[in-house]
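Q: Curious how this folds, go ahead:
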Amino acid sequence: MISGNKAGEVTGEAINNASSVIAREIVENSGIMNEYMLYVENHGNISEMAKKELLNKIVSEYMMHSEYTYDTADPGYDQVINLIYENANYAEKKEQPTEKETKPKKKKAVAASANVIVPTPKITGRLYNAQNIGSFKDVMDRFYIVTEATSLYSGDIPIKSALNENFKIKGNNTKPQILIYHTHSQEEFADSSDDVSTTIIGVGDRLAKILKSQFGYNVIHDTTKYDIVNGKLDRSEAYDQARVGVKKILEKNPSISLVLDIHRDGINENTRLVTEVNGKKTAQIMFFNGMSRFKNSGNIDYLYNPYLYENLALVLQMKVNAEAYYPGFTRRNYVNAYKYNLDLCRQCMLIEVGAQTNTYEEAQNAAEPLAMLINLTMGKNKQGASK
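A: Coordinates of the predicted model:
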């Protein structure tokens, strides 16, 4: 047996060791460092106490959503924060070049390397381009479902032009760049609970986190319940309500250049939209276009969309990149008659992540390759068809 002061010494040593392990795991396997550094960089002369409080908040939030369990009341928790804070302070100082330091890029890369959530994919499928993708008919047959209600013509999306169209997430992360919202906020999965993190909103949270932590984008995640009217589910007005809310956000944040409406599809109960990405069971996704056109009566004038071509071109590029880097991850692009608020900006996408037969874990896993595809198609170092 160990007693007295000796017991205290051993206990203290155990706490120190555990704190070091936990701190190292958090720094190496999460986006905490990047999130912290971005905040500090964007908020000027923030006090040391405020920095520590911020780090405490970020770490606590990470712990709450981690697959592991940490007790923030444990005596070692303060030591965890201190260790991470020392790491953050060290990284921050390393990013401030002295007169003798003229190559800070290497140091920044060291700090950023701990924030890899999604590994960079290799080309495992077919990389289509303007030369090998084929005719308009070939593309429709291979990549699209067009409902009987509408029509899609070659003049709507000249394939070569669409593949070469330039899409880019503009600005830097000092101001909002990406907006994620949910017209149908109440969409759930097979094992969803009362916790919103197990619904489509949880998928939006996951997508926002990756886009922020790994790729450094400034993201707003709007969790407004646009499909709730007078306390009840009412999807008949959801698009109108979402339009009002999203327009307000865009007016307040004109720096936003990408708008994502994240949904969950509804399918036959016997169908499972599951593939495997990076060893994880992952819900398949689908890009959704609205033509503002009825097949028989023509264009719907009151639903005019000045960005129809851009909408079509962007999701074609996303689909083509998915075929190259994540074959089997995306379903066929779906085209229907209405507008679906895709006219709110030049770079708008409506994306169906899985369906009601998927688990929420499968749906959240889908946020990982989706975030990577967004960055590959619209980020600084574009790849594939959009290069």
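Q: Contacts for stretch 285-303, please.
A: Contacts with stretch 285-303, where a contact means Cβ atoms under 8 Å, 6 or more residues apart in numbering, come from 148-152, 156, 263, 265, 304-305, 308, 311-312, 315, 318-319, 329-340, 342, 349-354, 366, 370. (Each C-beta comes from the backbone N, C-alpha and C, glycine too.)
Q: at 6 Å instead, please
A: Among residues not part of stretch 285-303, those counted as contacts by Cβ atoms under 6 Å, 6 or more residues apart in numbering are 150-151, 305, 311-312, 315, 318, 330-331, 333-340, 342, 350-353, 366.
Q: In helices only, show me those.
A: Within those, membership in helices is found for 311-312, 315, 318, 366, as judged by DSSP state H.
Q: if we take those, which one ends up nearest to K212?
A: Nearest to K212, judged by Cβ to Cβ, of these is A366 at 17.5 Å.
Q: okay but the closest one is in contact with K281, surely?
A: No - assessed by Cβ atoms under 6 Å, A366 is found out of contact with K281, at 9.9 Å.
Q: In this protein, what helix or strand scores lowest on average pLDDT?
A: helix 105-112 (a mean of 39; mean pLDDT, DSSP states H and E).
Q: Give me the distance from the helix or strand that comes right after that helix to the chain's centre.
A: In the C-terminal direction, the helix or strand that comes right after helix 105-112 (DSSP states H and E) is helix 136-143. In this view, helix 136-143 has its centroid 28 Å away from the chain centroid, taken as Cα atoms, centre = their mean, to the nearest Å.
Q: how about helix 136-143: buried residues?
A: By neighbour count on 16 or more other Cβ atoms under 10 Å, the buried set for helix 136-143 is 136, 139-140, 143.
Q: Run through the neighbouring helices and strands of it.
A: The helices and strands touching helix 136-143, judged by 3 or more Cβ pairs under 6 Å, 6 or more residues apart in numbering; DSSP states H and E, number zero.
Q: Which parts of the protein are strands?
A: In the chain, the strands defined using DSSP state E lie at 144-146, 178-181, 219-221, 228-229, 232-233, 258-265, 274-277, 280-283, 285-290, 293-294, 298-299, 333-336, 348-355.
Q: what's the spacing between Q241 and I58?
A: According to Cβ to Cβ, to the nearest Å, Q241 and I58 sit 32 Å apart.
Q: again but with I374, I slipped
A: I374 sits 23 Å away from I58, taking Cβ to Cβ as the criterion.
Q: which one of the two has more residues nearby?
A: Here I374 and I58 are set side by side on neighbour count (other Cβ atoms under 10 Å), and the busier one is I374, at 24 against 20.
Q: show me the contacts for the nearest residue to the more buried one once chain neighbours are set aside.
A: Residue nearest to I374 in three dimensions, not counting chain neighbours: L211, with 6.9 Å by Cβ to Cβ, 6 or more residues apart in numbering. Neighbouring residues of L211 by Cβ under 6 Å, 6+ apart: 217, 219, 371.
Q: Any stretches of the stretch 1-150 of the chain with poor pLDDT?
A: Residues of the stretch 1-150 of the chain that meet the criterion pLDDT under 70 lie in 1-46, 60-81, 83, 85-114.
Q: make it 90
A: Low-confidence segments of the stretch 1-150 of the chain, defined by pLDDT under 90, are located at 1-116.
Q: do you know how far the spatially most central residue of the chain is from A355?
A: The centroid of the chain falls nearest to L207 when counting by Cα atoms, centre = their mean (2.5 Å). Taking Cβ to Cβ as the measure, L207 falls 17 Å from A355.
Q: And for A130?
A: For A130, the distance to A355 (Cβ to Cβ) stands at 33 Å.
Q: Those two: who's more crowded?
A: Applying other Cβ under 10 Å to A130 and A355 shows that A355 carries more neighbours, namely 26 against 12.
Q: list the contacts for that one?
A: 265, 267, 273 are the contacts of A355 under Cβ under 6 Å, 6+ apart.
Q: Next, count neighbours for the last one.
A: Right, the one you point to is L273. Residues lying near L273 (other Cβ under 10 Å) number 21.
Q: mind starting the numbering at 296 from now?
A: Taking 296 as the first residue, the last one we looked at is L568.
Q: hmm, back to that, identify the farthest-apart pair in the ones in helices among the contacts of stretch 580-598.
A: Using Cβ to Cβ, the pair of the ones in helices among the contacts of stretch 580-598 lying farthest apart is L607 and A661, separated by 22.3 Å.
Q: neighbour count winner among these two?
A: Between L607 and A661, counted using other Cβ under 10 Å, A661 has the larger neighbour count: 30 against 24.
Q: That one and A485, how far apart?
A: Counting by Cβ to Cβ, the gap from A661 to A485 is 14 Å.
Q: average model confidence for stretch 489-507?
A: Averaged across stretch 489-507, pLDDT comes to 97.
Q: And stretch 555-564, by the same measure?
A: Per-residue pLDDT values over stretch 555-564 give a mean of 97.
Q: If we go by neighbour counts, what in that stretch is buried?
A: Going by 16+ other Cβ under 10 Å, stretch 555-564 has these buried residues: 555-560.
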